[in-house]
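>>> Give me a model of this one.
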Amino acid sequence: MSVAYMTHPLIKHKITLLRKQTTGTNEFRKLIEEIAMLMGYEALADLPTADIEVTTPIEKTVQPVINGKKLAVVPILRAGLGMVNGILALVPSAKVGHIGLYRDPETHLPHEYYCKLPEAIDERQIVVVDPMLATGGSAVAAVDFIKARGGRKIKFMSVIAAPEGVSTLMKAHPDIQLYVGCLDRCLNENAYICPGLGDAGDRIFGTM
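Next comes the predicted model:
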């Protein structure tokens with residue numbers, strides 16, 4: 001399985017701040033964005049490059065730039081939106097798609113209500129973002145939708161995850177790369193991550 005657990009002290013520190021019940025909406029939103037940027041730096045280390053000629057104030061030289069079709073960032077609505085700007089800070093030219101899913105409160109199964117992806121998705125490196133990987137149902141469904149539309153080079157980024165979600169996602173899609181900020185203990189009877197950080201979407205957008 002291709003799963004990377006983040007070990008950088010800055011990521012650990014910022015996730016701890018996210019967990020605090022007293023962290024307000026504005027700070028929470030900024031922390032999610034900062035964590036996404038730090039994780040994105042790790043996740044995008046294998047972007048392809050090509051050499052081009054540039055002229056410096058001193059001389060002409062050949063140097064690398066990112067090559068190929070632009071990156072596609074695909075947030076799972078709505079909490080995934082909080083991570084998008086962190087990735088765009090690294091790659092401003094990236095295209096952004098959206099996948100809308102909601103979880104049935106009784107069965108905890110995901111249901112799609114929206115899916116819009118950038119053109120030529122089959123040629124792009126795709127980064128799916130969602131702050132929380134709980135049961136894994138929504139993550140599996142999102143990757144299913146992307147593959148059904150031709151996407152193949154897929155990475156998934158989640159700030160916190162439960163072991164159950166990691167197992168479910170990687171069993172369904174062993175070919176993707178998964179990046180996790182912190183692996184938490186378990187899911188409770190309501191399928192919430194423990195110790196977790198509450199509902200990421202509500203805390204990002206100030207809703208209940």
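>>> got the CA positions of the longest helix along the chain in PDB?
Scanning the chain for the helix with the most residues, using DSSP state H, yields helix 25-43. C-alpha atoms of helix 25-43 as PDB (Å, rounded to 0.1, in the frame of the first residue of the first chain):
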ATOM      1  CA  THR A  25     -13.500  29.600  12.600                       C
ATOM      2  CA  ASN A  26     -11.000  32.000  11.100                       C
ATOM      3  CA  GLU A  27      -8.000  30.400  12.800                       C
ATOM      4  CA  PHE A  28      -9.300  26.900  11.900                       C
ATOM      5  CA  ARG A  29      -9.700  27.900   8.300                       C
ATOM      6  CA  LYS A  30      -6.200  29.300   8.100                       C
ATOM      7  CA  LEU A  31      -4.700  26.200   9.800                       C
ATOM      8  CA  ILE A  32      -6.400  23.800   7.300                       C
ATOM      9  CA  GLU A  33      -5.000  25.900   4.400                       C
ATOM     10  CA  GLU A  34      -1.500  25.900   5.900                       C
ATOM     11  CA  ILE A  35      -1.500  22.200   6.600                       C
ATOM     12  CA  ALA A  36      -2.700  21.500   3.100                       C
ATOM     13  CA  MET A  37       0.200  23.500   1.700                       C
ATOM     14  CA  LEU A  38       2.800  21.700   3.900                       C
ATOM     15  CA  MET A  39       1.300  18.300   2.900                       C
ATOM     16  CA  GLY A  40       1.200  19.300  -0.700                       C
ATOM     17  CA  TYR A  41       4.900  20.100  -0.700                       C
ATOM     18  CA  GLU A  42       5.500  16.500   0.300                       C
ATOM     19  CA  ALA A  43       2.900  15.000  -2.000                       C
END
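>>> Buried residues of it, list them for me.
28-40, 43 (16 or more other Cβ atoms under 10 Å). Just so you know, the C-beta spots here come from the backbone N, C-alpha and C atoms, and that holds for glycine as well.
>>> and what of stretch 171-178?
Buried-residue list, stretch 171-178, by 16+ other Cβ under 10 Å: 173, 176, 177, 178.
>>> Also stretch 118-134?
Neighbour count says stretch 118-134 has 118, 121, 124-134 buried, by 16+ other Cβ under 10 Å.
>>> Share the number of residues neighbouring residue 180, please.
20 (other Cβ atoms under 10 Å).
>>> Tell me what it is bridged to.
For residue 180, the beta-bridge partners under DSSP bridges are residue 5, residue 158.
>>> Return the per-residue confidence for it.
pLDDT, residue 180: 98.
>>> Can you name the residues that contact it?
Residue 180 is in contact with 3, 4, 5, 6, 133, 158, 160, 161, 166, counting by Cβ atoms under 8 Å, 6 or more residues apart in numbering.
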